[in-house]
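[1] predicted model and sequence below, questions to follow.
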Amino acid sequence: MSYELIPGAPGSPVLLHVPHGARDIPRDVRAELLPDDRALGRELDHITDAHTPEIAGRAAARAPVRPWRFVNRLSRLVVDPERFPDEREEMLAAGMGAVYTRTTHREPLRPEPFPGTSALVGTYFEPYAEAVARAVDERLAACGRAVVLDVHSYPTRPLPYELHGTGERPPVCLGTDAFHTPDALVRQARDAFDGLGGTALDTPFAGTYVPLRHHRRDPRVQALMIEIRRDVYMAEPGGDPTAGLDAVAAALAGLVAAQTP
């Protein structure tokens, strides 16, 4: 299975979404990628939100009411489940829509135009999107609301693919949505993460993930993107975690706890 829903407490509204923490690429997909193995390994170091599944796992274990976790088990170089699958996606300008054709350094990843885009979207993107939507529906049915906390990391220095890389790069970037991110959730996140060195809103990355069938339609779905600057908890790029990882997990556990007082 290319993704995993890890159960939490029946009464928890929280879904920790971890979309970019894996490096695995199926053999048939690897055959379509242009870089050699060494170059691909370097690209995976840059593009992967390393150790975020572990951060989410530790946070879930520490939270007084265990959250649910939805974890992508494949690299975002297969498909990026958080992109819009059509022309709404601004990252198409960098060759990084739902199916990437360019790397973080804007070098060729797949042929352009790539003839296999529709097949990858149908095989990986659409089933993933439906599974996340079902997980959110289950939290709505059980709790009357769902809180999607999107767990990411980002490099200390901007990479060439970033469209907004000139903005502030705080220890923790909080991505928001005017419809799905209430002020109370932002305050709780600031309280939880300020001990890591400070937070800022929507810089250098903005927005947050909500399944398309709920997006701008169901206010019971609350969402926040949490982008941890990688020097806070790991050696860059793609290196081992540092002692900071546990502090990040503890902060995330505090935010989870605030959702179920």
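    Nice, I can see it.
[2] the protein: strands as residue ranges?
    Ranges of strands within the chain are 3-6, 14-18, 68-72, 146-154, 172-175, 199-201, 221-229, based on DSSP state E.
[3] possible to save the ones you listed as JSON lines with mean neighbour count and mean pLDDT?
    In short, each C-beta sits where N, CA and C put it, glycine included. Converted to JSON lines, those look like this (neighbours: other Cβ atoms under 10 Å; pLDDT from 0 to 100):
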{"stretch": "strand 3-6", "mean neighbour count": "16", "mean pLDDT": "98"}
{"stretch": "strand 14-18", "mean neighbour count": "27", "mean pLDDT": "98"}
{"stretch": "strand 68-72", "mean neighbour count": "23", "mean pLDDT": "98"}
{"stretch": "strand 146-154", "mean neighbour count": "24", "mean pLDDT": "98"}
{"stretch": "strand 172-175", "mean neighbour count": "23", "mean pLDDT": "98"}
{"stretch": "strand 199-201", "mean neighbour count": "17", "mean pLDDT": "98"}
{"stretch": "strand 221-229", "mean neighbour count": "25", "mean pLDDT": "98"}
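[4] these: which one's closest to Ile55?
    Smallest distance to Ile55 across the strands of the chain (Cβ to Cβ): 6.3 Å, for strand 146-154.
[5] what's the angle between the closest one and strand 14-18?
    Put simply, strand 146-154 runs at 30 degrees to strand 14-18, going by axes from the mean of the first three to the mean of the last three Cα atoms, to 10 degrees.
[6] partner strands of strand 146-154 and their direction?
    Note on strand 146-154: by DSSP bridges, its sheet partners are strand 14-18 (parallel), strand 221-229 (parallel).
[7] kindly reformat those strands as a markdown table containing distance to Pro160.
    Below are these laid out as a markdown table (distance: least, Cβ to Cβ, whole Å):
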| stretch | distance to Pro160 |
| --- | --- |
| strand 14-18 | 25 |
| strand 221-229 | 18 |
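[8] nearest to Pro182, out of the ones you listed?
    With Cβ to Cβ as the measure, strand 221-229 is the member of the strands paired with strand 146-154 nearest Pro182 (6.0 Å).
[9] surely Gly195 touches Leu252?
    No: if you go by Cβ atoms under 8 Å, Gly195 and Leu252 don't touch, sitting 11.8 Å apart.
[10] what is the neighbour count of Ala129?
    Burial of Ala129 is recorded as 19 neighbouring residues (other Cβ atoms under 10 Å).
[11] including distance to Asp137, could the strands of the chain go into JSON lines?
    Listed next are the strands of the chain as JSON lines, based on distance: least, Cβ to Cβ, whole Å:
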{"stretch": "strand 3-6", "distance to Asp137": "12"}
{"stretch": "strand 14-18", "distance to Asp137": "11"}
{"stretch": "strand 68-72", "distance to Asp137": "12"}
{"stretch": "strand 146-154", "distance to Asp137": "8"}
{"stretch": "strand 172-175", "distance to Asp137": "23"}
{"stretch": "strand 199-201", "distance to Asp137": "28"}
{"stretch": "strand 221-229", "distance to Asp137": "10"}
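[12] what's the closest of these to Gly239?
    Between those, strand 146-154 lies closest to Gly239; by Cβ to Cβ that is 12.2 Å.
[13] ok so, going back, neighbour-wise, which of Gly195 and Leu252 wins?
    For Gly195 and Leu252, the more surrounded residue by other Cβ under 10 Å is Leu252, and the numbers stand at 28 against 13.
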